[in-house]
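*Asks:* Pasting the sequence and the predicted model now:
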Amino acid sequence: MPITSAEGSADSVSAAEPIMLELVDENGRTIGTAEKLSAHVAPGRLHRAFSVFLFDDRGRLLLQRRALGKYHSPGVWSNTCCGHPYPDEPPFVAAARRTGEELGLAPALMREAGTVRYNHPDPASGLVEQEYNHLFVGTVTAEPHPDPEEIGETAFVTPAELDALMAEYPFSAWFMTVLDAARPVVREITGDAAGW
């Protein structure tokens, strides 16, 4: 399980324009917008999100460890990429965009893997993930070149290596929820022999 560190160091959140998210109802229909941080303040407001799982040609999952400068869930391991579409941005487009921005690569293939709704408090920050999450699974053929303000490290892992990493390090509160929801398509992409 080779772990690659991102070069540079993460800075604190920029004081630029506020990032807006789409608020949704329980069926995923847009009902408004909210500033990103305010949507995560307890008890949280249900908003649209996405999670990406990319695998190499050996069926290994690309993980990232979130940069220490992130305001939410810093320093924890998580799936390949996750985030929030801008208002009116299709989730697939947002997932591809953020994969490029965070990891410096484009998926060779990426397909939808359903949605999952969850409510996960983050004990460390006190923030809450109230999300209607669009799942995407695909493959990658290039090596990641992570943005150090977003990602501290990356690793390609087998299921056994993932179990070992989870036993030793903290993972995002949402990780197992989104992985379990995406597993049917993960198995289609990687094949049953990969063990996912």
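*Replies:* Arrived safely, thanks for sending. Predicted model, so just to flag it, every value in this text is computed and none were measured.
*Asks:* gap between the two ends of stretch 27-36?
*Replies:* 20 Å (Cα to Cα, to the nearest Å).
*Asks:* same thing with stretch 70-84?
*Replies:* Using Cα to Cα, one end of stretch 70-84 lies 15 Å from the other.
*Asks:* tell me which residues of it are tucked away?
*Replies:* Buried residues in stretch 70-84, counted by 16 or more other Cβ atoms under 10 Å: 70, 72-84. Where C-beta positions appear, they are placed from N, C-alpha and C, glycine not excepted.
*Asks:* what do you get for stretch 99-117?
*Replies:* Buried residues in stretch 99-117 (16+ other Cβ under 10 Å): Thr99, Glu102, Leu103, Leu105, Pro107, Met110, Ala113, Thr115, Val116, Arg117.
*Asks:* Of those residues, which belong to helices?
*Replies:* Thr99, Glu102, Leu103 (DSSP state H).
*Asks:* The last one - nearest residue in space that isn't next to it in sequence?
*Replies:* In other words, Leu103. Nearest non-adjacent residue to Leu103, counting by Cβ to Cβ, 6 or more residues apart in numbering: Pro144, 4.3 Å away.
*Asks:* The one you found contacts Thr154, doesn't it?
*Replies:* Yes. Assessed by Cβ atoms under 8 Å, Pro144 is found in contact with Thr154 at 4.9 Å.
*Asks:* how about the strands of this structure, start to end?
*Replies:* Secondary structure of the chain by DSSP state E: the strands cover 3-5, 20-24, 30-35, 47-55, 61-66, 77-78, 81-83, 109-121, 128-139, 151-157.
*Asks:* Identify, by residue count, the longest helix of the protein.
*Replies:* Under DSSP H, the chain gives helix 175-190 as its longest helix.
*Asks:* packing partners for that one?
*Replies:* Here helix 175-190 touches strand 47-55, strand 109-121, strand 128-139, going by 3 or more Cβ pairs under 8 Å, 6 or more residues apart in numbering; DSSP states H and E.
*Asks:* Great, nothing more from me.
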